[in-house]
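S.K.: mind folding the following:
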Amino acid sequence: MDSLTAKPQCLDRPDPEMFPRSTLVLLSSSLKKLRRCTPSLLKAAAKTAPRHIYVSYEPELTRAESVPATDEFLRWVLSVYNEASIAAPQHDVRVLLRNVVSTKAKPTSRLQYPIATVLTDSRPERQEELRDYLAARFSVETPVDLLVYAGLEKPKNLKTGPKKTDTSTHGDLYRRRVDIDLDLNGTSSGHSEQDLPSGRLPSYHGVVLGGTFDRIHNGHKVLLAESCLLAREKIVCGVTTGDMVKYKQLHELMEPLDTRIAGVRDFISDIRPDLEQVLEPIPDPYGPSIVVPDLGCIVASDETIRGAEMVNVHRKQRGLSQLVIHKINMLTDHHRSVEEETKISSSSLRKRLLGTLLREPQVKHIDPTPYVIGLTGGIASGKSSVAERLRKLGARVVDCDKLGHLAYQLDGPAYRQVVDTFGEDILDAETKEIDRRKLSAIVFGADSDKLSLLNSIVWPQIARLANDRLTEFGRDGAEVVVLDAAVLLEAGWEKFTHEVWTCIIPPKEALLRIRKRNPHISEAEASDRMTAQLSNDDRVAKSNVVLSTLWAPEVTQKQVENAWCLLQQRISDRGETTVHQSTPGST
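M.R.: Numbers count the residues shown, from 1 in each chain. This is a model prediction of the structure:
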């Protein structure tokens with residue numbers, strides 16, 4: 001038996017988290033000009049940053065001047081996040097607000113991701129001035145790897161491209177410098193030109209907001225950034241948990257609560273490190289907003305405005321001051337599909353994870369070919385339809401449900417022991433075959449031990465039959481074999497597969513499908529069967545790929561085709577030769 005000697009890769013590009021250094025975009029031109037240049041600036045920055053881009057507005061470059069929090073500045077911040085969704089969708093873009101709002105001196109605090117490249121639109125008179133400023137404002141350790149000067153005053157017919165390269169070390173500031181000219185013919189998406197009143201933004205001692213904050217995206221960043229611009233001293237943020245996320249679409253793919261809270265903390269610490277942060281999990285719609293007294297403002301969207309109004313109702317009942325409700329505008333999702341939301345949302349992002357590799361397959365001591373996919377899912381999850389789609393794409397399929405029927409047959413390997421254990425009352429009076437409806441009524445009842453007893457009899461027999469099929473497919477030279485098994489994880493058969501793929505649908509949808517497929521089953525019986533199986537969360541936690549048949553068939557087909565394409569890339573990257581497969585039931 002050969003071991004897997006190469007770990008399949010999720011993508012054919014380097015993992016950006018292996019390169020946590022970032023690019024700092026340091027801007028001093030007028031906000032009006034910068035709004036026009038934002039797409040080009042972000043595209044230029046994206047070429048130098050593996051993953052993270054910081055943007056800071058410094059109108060008096062090399063002088064630590066405070067920037068007033070005005071409506072014009074807010075429009076520019078919104079434009080950066082909106083254009084980042086278009087020009088740099090794979091990058092984590094953060095607009096720094098460290099020099100905004102307060103005129104008091106702020107303690108220097110390091111950025112989450114060290115600066116490797118500085119892109120600026122200003123040429124300081126002396127390089128050492130910029131060096132000292134970067135060290136004082138951002139704790140940048142010079143020399144940086146690259147200094148990029150982006151000229152914003154060039155003729156409009158000049159295309160983006162390198163203008164001048166300097167590889168000498170100048171004043172211990174940079175190891176290499178590149179001058180580029182930006183194409184200013186392009187225009188922004190127009191989101192930043194929304195009608196807003198002119199003048200300074202209001203400010204409050206404390207600002208409160210809430211959200212799920214799953215995989216923080218640019219929509220979340222607008223919410224957090226606008227809240228940080230309104231807050232003078234403190235920001236209170238509730239992160240939903242419990243029943244607040246239980247009914248979210250594809251909540252099984254949501255990041256853990258601790259990860260989501262840490263994401264909010266890191267983001268605020270980067271953009272406004274001077275603010276006191278109060279971050280709490282909230283299992284209800286209100287959380288700290290109705291108990292913290294020193295708040296002045298609550299930030300909401302069109303979707304949550306009613307909840308914000310109810311917060312004031314509860315605060316009044318508790319004798320607390322009323323909060324000003326500040327409504328933000330949601331960012332448009334420029335990459336949405338027809339069935340997705342118009343706004344940027346975590347639900348849409350989770351949906352896009354379907355069919356992708358969520359976690360790398362473990363290296364297992366099994367033969368590398370054929371490549372075995374363990375396909376599982378709860379009752380009525382559409383697992384069998386996914387298996388059929390994979391078969392049409394070229395996979396061979398071992399249907400363990402059909403093998404289970406063979407094991408129960410009159411001449412099947414499990415027949416005699418099942419009858420001896422559960423009695424002849426489970427037999428059809430005429431054919432003497434096992435009546436699975438009668439057997440189900442026994443094992444899915446109140447005594448769960450009976451189901452475990454049945455499984456201990458049948459599962460080993462199914463595994464042996466599956467072994468025969470997999471061996472046969474291996475001899476035929478199959479490249480990919482799908483082991484279609486509802487009890488894949490319960491039976492421990494995942495150790496014989498290279499990857500686990502899981503189909504999930506919401507329990508409510510599963511219940512409807514069960515009743516439609518089996519009208520004779522009561523809702524209570526259907527619920528008992530669902531309770532007896534692993535939850536979606538348990539399955540997803542052990543899966544490499546997750547799929548869902550909740551939507552139209554063409555949506556499922558797209559997921560499966562994407563998953564198959566990525567699988568072929570992983571198999572190709574492994575470059576293994578075909579050998580005999582070690583399978584369930586083998587020793």
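S.K.: every contact and neighbour count from this point should use C-alpha atoms.
M.R.: OK.
S.K.: scan the chain for its longest strand.
M.R.: Scanning the chain for the strand with the most residues, using DSSP state E, yields strand 231-240.
S.K.: sheet-wise, list the partners of that one with their directions.
M.R.: In the sheet, strand 231-240 lines up against strand 204-211 (parallel), strand 276-282 (parallel) (DSSP bridges).
S.K.: outside of it itself, which residues are in contact with it?
M.R.: Under the contact criterion Cα atoms under 8 Å, 6 or more residues apart in numbering, strand 231-240 has outside partners 101-102, 203-213, 227-228, 257, 260-261, 274-284, 287-289.
S.K.: can you give me how far it is from the chain middle?
M.R.: Centroid separation between strand 231-240 and its chain, computed with Cα atoms, centre = their mean, to the nearest Å, is 23 Å.
S.K.: and what of stretch 412-426?
M.R.: Distance, stretch centre to chain centre, for stretch 412-426: 47 Å (Cα atoms, centre = their mean).
S.K.: just the mean pLDDT for that stretch, thanks.
M.R.: Along stretch 412-426, the predicted local confidence has a mean pLDDT of 92.
S.K.: flag every buried residue along that stretch.
M.R.: Burial within stretch 412-426, assessed by neighbour count using 16 or more other Cα atoms under 10 Å, is assigned to Pro413, Ala414, Tyr415, Val418, Val419, Phe422, Ile426.
S.K.: grab the nearest non-local neighbour of the fifth one.
M.R.: Excluding its sequence neighbours, the residue lying closest to Val419 (Cα to Cα, 6 or more residues apart in numbering) is Ile426, at 7.4 Å.
S.K.: tell me where the model's unsure across the stretch 351-500 of the chain.
M.R.: Regions of the stretch 351-500 of the chain meeting the criterion pLDDT under 70 cover residues 446.
S.K.: can you map out the strands along it?
M.R.: 371-377, 396-399, 480-484, 499-503 (DSSP state E, counting those that start in this stretch).
S.K.: re earlier: inside helices: which ones of the buried residues of stretch 412-426?
M.R.: By the criterion of DSSP state H, membership of these in helices covers Tyr415, Val418, Val419, Phe422.
S.K.: nearest to Val80 among these?
M.R.: Among these, Val418 lies closest to Val80 (Cα to Cα), at 66.4 Å.
S.K.: returning to that earlier point: please work out the average pLDDT along the longest strand of the chain.
M.R.: The model assigns strand 231-240 a mean pLDDT of 97.
S.K.: and stretch 145-163, by the same measure?
M.R.: If you average the pLDDT over stretch 145-163, you get 56.
S.K.: which of the helices or strands spans His326?
M.R.: Counting by DSSP states H and E, the secondary-structure element that holds His326 is strand 324-327.
S.K.: quick one: contacts of that strand?
M.R.: Under the contact criterion Cα under 8 Å, 6+ apart, strand 324-327 has outside partners Gly296, Cys297, Ile298, Val299, Ala300, Ser301, Asp302, Ile305, Ala308, Glu309.
S.K.: any of the residues you listed buried? List them.
M.R.: Applying a neighbour-count criterion of 16+ other Cα under 10 Å, the buried members of the contacts of strand 324-327 are Gly296, Cys297, Ile298, Val299, Ala300, Ser301, Ile305, Ala308, Glu309.
S.K.: quick check: the farthest pair among those?
M.R.: For the buried ones among the contacts of strand 324-327, the farthest-apart pair by Cα to Cα is Gly296 and Ser301; their separation is 17.0 Å.
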